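J.: The sequence and its predicted three-dimensional model are supplied below.
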2 protein chains.
Amino acid sequence: MSGEDERHARAVLSLVSEPGDWGFTRLARELGGLGLLEALHSDPERHEMLSAAAARLPGVDAEATLARAAAGGTRFVIPGDEEWPTQLDALHAPDPLHERGGVPIGLWVRGPMRLDTLAEAVSVVGSRTSTSYGEEVAADIAGRVALAGHPVVSGAAFGIDQAAHRGAVSVGGRTVAVLACGADRVYPPAHRRMIEHLAAEHAVVSEAPPGAAAQRVRFLARNRLIAALSRGTVVVEAAARSGALNTANWAQRLNRLAMAVPGPVTSATSEGAHHLIRTGAAALVTGGPDVLELIGSAGDHLVAEPRGPSRPRDRLSIRQQQVLDAVPLASGASTVSIAKVAGLGVVEVRKALGRLAAAGLVHESGDAWVLSKAATD
Amino acid sequence: MSGEDERHARAVLSLVSEPGDWGFTRLARELGGLGLLEALHSDPERHEMLSAAAARLPGVDAEATLARAAAGGTRFVIPGDEEWPTQLDALHAPDPLHERGGVPIGLWVRGPMRLDTLAEAVSVVGSRTSTSYGEEVAADIAGRVALAGHPVVSGAAFGIDQAAHRGAVSVGGRTVAVLACGADRVYPPAHRRMIEHLAAEHAVVSEAPPGAAAQRVRFLARNRLIAALSRGTVVVEAAARSGALNTANWAQRLNRLAMAVPGPVTSATSEGAHHLIRTGAAALVTGGPDVLELIGSAGDHLVAEPRGPSRPRDRLSIRQQQVLDAVPLASGASTVSIAKVAGLGVVEVRKALGRLAAAGLVHESGDAWVLSKAATD
């Protein structure tokens, strides 16, 4: 458990900074919460980013925020806590191309699930304007993954996210919603009942402090957490500009598994998923078994190669198959007649019919050869 | 043009052998048609395969077969002919794993299209039990590919094959049917009108001699020709045991492009296509433009990266976007009110609003900031 001074310092930092501000999260990681707060007080002019945060210091009361959060069932989990999901530390890898990034200063969490149990989690995300096809597939994947013991992480948004949470809940699995607004708030408002249920039975998580509104840029910061919390991210439906593509890109950048579910090429909501697959940014998955195989779940979920049932004829030589095909379906036929249909010599055909009879595929009835039941299965 | 003796010898060989019999096609390639025919006569006991073919020699009359074929509009094209599609010579690569293979002894062709114009052809194949989704996509791809000048090769089967031929014909493009039965016959019988149309305006091709029936093993030999004739093979819908997978495997083995169109993961007829993509055996394509790009067609068919329209807000900093998001949609708001909603300092917000105004995204109206039209596009 981290010290309460450090927790208090990080609560202040959470209140004066923007989620996933890469410069800020990097300094917090390097100086620690107490160190960065000290720098804000002592040397705010060193950097524009620090001076903006320092200017907000007088308006925040971390003590009161922590107390109100606790009263509402929200805890503030910080690096060093036993509950801290250490897989997030991979976010420290410097990535100068992106303004968002870094290990969160802390996570505000509402709900009984502990974040340190998310190491085997799978994220399922996708379009807000999903089709019933996508929702069905997302719920099915989430359900199978959750049944196999993997918590399902998503963003509580309309469409695929909602279907993913529901799929996990409906099989009695565990699921976590990562929000772009404060963990004490609800976004989208129409999902109040679902989010309150998740907060009561599972967990609702946010990098933004209590009271924060769901601003557009916070969704980008949030997406990196969905990718970083889980072993792999499954994109179910995503149009060309979907935030789910952003999440998949984060998964790839963090060396997590990025997966995408194909759909009809005539559906605009599958365009982004197809793009991810085509460019090699994501692996094609067709359902829960594929996902479990890729994330290396227990062996009993391994995917069978899709193939039709094996048939006796598969073990025959080409010549024997030709002879078998020449035995008429409706009635029997003589060796000479079969040879004529097969376009083969009578001697060859007689030999082949003998082998087919031995294999139980034909039998003689009077002076005619007849197909046995095994040959027509 | 090959000599008429060689053509006659190969016609005999075509009549006594099975299409794509790897041992036989290899010998024909190595000894020539005349050489192999001589071996059949002089030393038929050297190999079981030769003795079986030799035993059939007395029953065939190549002269009469060639004459009847010519009378019915069918010519026999052999290696060395000007019309010979030399891309088939790639089939000579030894492949001991497969019973079928090799360069055909000759091709029986009905129709005005010359086979040496197929160098840029594209094959479009798939399930006989297709869905209307698959047929629509196949016809669309075939149409676009044909419009760009690429002949479309397929197998005249029910479902995807038929849609592919139709798609090419409907735009005035060129298309070739490769049959498993003789080029003078029709399989499936229900496609008589389509196949007769192709024979009248395009080309119908078979490795099997006139009169040959469409036996099961001949479809496997036929599939290798569909793959070998074209620059690339597109699989539109294919269940787990579809012959189209066999064609795609041939394309891959011959270093041609293997492509597959995804579909709903809930559709069994897309299972084989997804398997090809997932295992890397085929590239994912979503339509004609993808296919044209992959086969390296003219530059004007290059595929645009799918992306939503670019918007002015994409060029803003994160801070400016936050401020822009805080300007209410319905009415204007004061700087102080915007700062409160954005959770930012008034000084920062004033600076950001100035830049947003310069970018034409907001403007002042009285003492309030109002969103400009450009910001809401």
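T.: Happy to help now that I have it.
J.: mind listing the strands for the stretch 51-200 of chain A?
T.: Counting by DSSP state E, counting those that start in this stretch, the stretch 51-200 of chain A has these strands, from start to end: A:74-77, A:107-110, A:122-125, A:152-154, A:175-179.
J.: Adding mean neighbour count and mean pLDDT, write those out as JSON lines.
T.: All C-beta atoms are positioned from the backbone trio N, CA, C, and that covers glycine. Shown next, in JSON lines, are the strands of the stretch 51-200 of chain A (neighbours: other CB atoms under 10 Å in any protein chain shown; pLDDT from 0 to 100):
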{"stretch": "strand A:74-77", "mean neighbour count": "22", "mean pLDDT": "98"}
{"stretch": "strand A:107-110", "mean neighbour count": "25", "mean pLDDT": "98"}
{"stretch": "strand A:122-125", "mean neighbour count": "34", "mean pLDDT": "98"}
{"stretch": "strand A:152-154", "mean neighbour count": "31", "mean pLDDT": "98"}
{"stretch": "strand A:175-179", "mean neighbour count": "28", "mean pLDDT": "98"}
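J.: can you redo the ones you listed as TSV with distance to residue B:345?
T.: Listed next are those as TSV, based on distance: least, CB to CB, whole Å:
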stretch	distance to residue B:345
strand A:74-77	24
strand A:107-110	23
strand A:122-125	33
strand A:152-154	34
strand A:175-179	24
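J.: Enumerate the residues of the stretch 101-250 of chain A near chain B.
T.: Counting by CB under 8 Å from any CB of the partner chain, the residues of the stretch 101-250 of chain A close to chain B are A:133, A:136, A:137, A:212, A:213, A:215, A:216, A:217, A:239, A:240, A:241.
J.: now these: which count as buried?
T.: Buried subset of these (neighbour count, 16 or more other CB atoms under 10 Å in any protein chain shown): A:133, A:136, A:137, A:212, A:213, A:215, A:217, A:239, A:241.
J.: Looking at those, which is nearest chain B?
T.: Distance to chain B, by CB to the nearest CB, is smallest for residue A:241 among those, at 3.4 Å.
J.: out of the strands of the stretch 51-200 of chain A, nearest to residue A:326?
T.: Of all the strands of the stretch 51-200 of chain A, strand A:122-125 sits nearest to residue A:326, with 52.6 Å by CB to CB.
J.: partners of that closest one in the sheet?
T.: Strand A:122-125 sits in its sheet next to strand A:152-154 (parallel), strand A:232-235 (parallel), going by DSSP bridges.
J.: Could you export the ones you listed as JSON lines, including distance to residue B:186?
T.: JSON lines is the format used below for the strands paired with strand A:122-125 (distance: least, CB to CB, whole Å):
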{"stretch": "strand A:152-154", "distance to residue B:186": "54"}
{"stretch": "strand A:232-235", "distance to residue B:186": "46"}
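J.: right, and those - which one's nearest residue A:199?
T.: Within those, the stretch nearest residue A:199 is strand A:152-154; the backing value is 14.4 Å (CB to CB).
J.: Can you tell me what sits against the closest one?
T.: Applying CB atoms under 8 Å, 6 or more residues apart in numbering or on different chains, the external contacts of strand A:152-154 come out as A:118, A:121-125, A:142, A:145-146, A:160-161, A:164-165, A:167-168, A:173-178, A:226, A:229-230.
J.: Off-centre distance for it?
T.: 7 Å (CA atoms, centre = their mean, to the nearest Å).
J.: Residue A:133 is in contact with residue A:163, correct?
T.: No - Residue A:163 lies out of contact with residue A:133 (CB atoms under 8 Å); the separation is 10.7 Å.
J.: which sections of chain A are below the confidence cut-off?
T.: A:1-2, A:94-99, A:297-314, A:330, A:376-377 (pLDDT under 70).
J.: Swap in 80 and give it another go.
T.: For chain A, the stretches flagged by pLDDT under 80 are A:1-2, A:46-49, A:93-100, A:297-319, A:328-331, A:340-345, A:366, A:373-377.
J.: quick one, longest helix in it?
T.: helix A:22-42 (DSSP state H).
J.: That one near chain B anywhere?
T.: No - using CB under 8 Å from any CB, helix A:22-42 never reaches chain B; the gap is at least 9.9 Å.
J.: helices or strands up against that helix?
T.: Counting contacts by 3 or more CB pairs under 8 Å, 6 or more residues apart in numbering or on different chains; DSSP states H and E, helix A:22-42 packs against helix A:4-16, helix A:48-56.
J.: Okay, and which of the residues of the stretch 101-250 of chain A next to chain B map to helices?
T.: If you go by DSSP H, those have A:133, A:136, A:137, A:216, A:217 in helices.
J.: ok, which pair from the residues you listed is furthest apart?
T.: Between any two of those (CB to CB), the greatest distance is 31.9 Å, for A:136 and A:217.
J.: shouldn't residue A:211 be in contact with residue A:183?
T.: No - using CB under 8 Å, residue A:211 is not in contact with residue A:183; the gap is 10.0 Å.
J.: Who has more neighbours out of those two?
T.: Each of residue A:211 and residue A:183 has its neighbours counted (other CB atoms under 10 Å in any protein chain shown); residue A:183 has more, 30 against 14.
J.: tally of neighbours for the nearest residue to residue A:278 once chain neighbours are set aside?
T.: Distances taken as CB to CB, 6 or more residues apart in numbering or on different chains put residue B:284 closest to residue A:278, at 4.6 Å, once the chain neighbours are dropped. A count of nearby residues for residue B:284, using other CB under 10 Å, gives 26.
J.: Give the bridge partners for residue B:284, please.
T.: In beta-bridge terms (that is, DSSP bridges), residue B:284 pairs with residue B:260.
J.: So which bits of the stretch 251-377 of chain A are right by chain B?
T.: For the stretch 251-377 of chain A, the contact set with chain B under CB under 8 Å from any CB comprises A:261-266, A:270-272, A:274-275, A:277-278, A:283-287, A:290, A:305-308, A:318, A:321-322, A:325-326, A:341-345, A:347-348.
J.: cutoff 6 Å now
T.: By CB under 6 Å from any CB of the partner chain, the residues of the stretch 251-377 of chain A that approach chain B are A:261-265, A:271, A:274-275, A:277-278, A:284, A:286-287, A:306-308, A:318, A:321-322, A:325, A:345, A:348.
J.: Neighbours of the spatially closest residue to residue A:350 that is not a sequence neighbour, how many?
T.: Excluding the flanking residues, the one nearest residue A:350 by CB to CB, 6+ apart is residue A:335, at 5.4 Å. As a burial measure, residue A:335 scores 18 neighbours (other CB under 10 Å).
J.: Kindly report the same for residue A:350.
T.: 15.
J.: and the helix or strand where it lies, which residues are buried?
T.: Under the criterion of DSSP states H and E, residue A:350 resides in helix A:346-358. Neighbour counts over helix A:346-358 (16+ other CB under 10 Å) mark A:348, A:349, A:352, A:353, A:355, A:356 as buried.
J.: For residue A:220, which residues are in contact?
T.: Residue A:220 makes contact with residue A:100, according to CB atoms under 6 Å, 6 or more residues apart in numbering or on different chains.
J.: right, I mislabeled it, should have said residue A:221
T.: A:19, A:20, A:100.
J.: Name the nearest residue to residue A:157, ignoring sequence neighbours.
T.: Nearest residue to residue A:157, sequence neighbours excluded (CB to CB, 6+ apart): residue A:128, at 5.2 Å.
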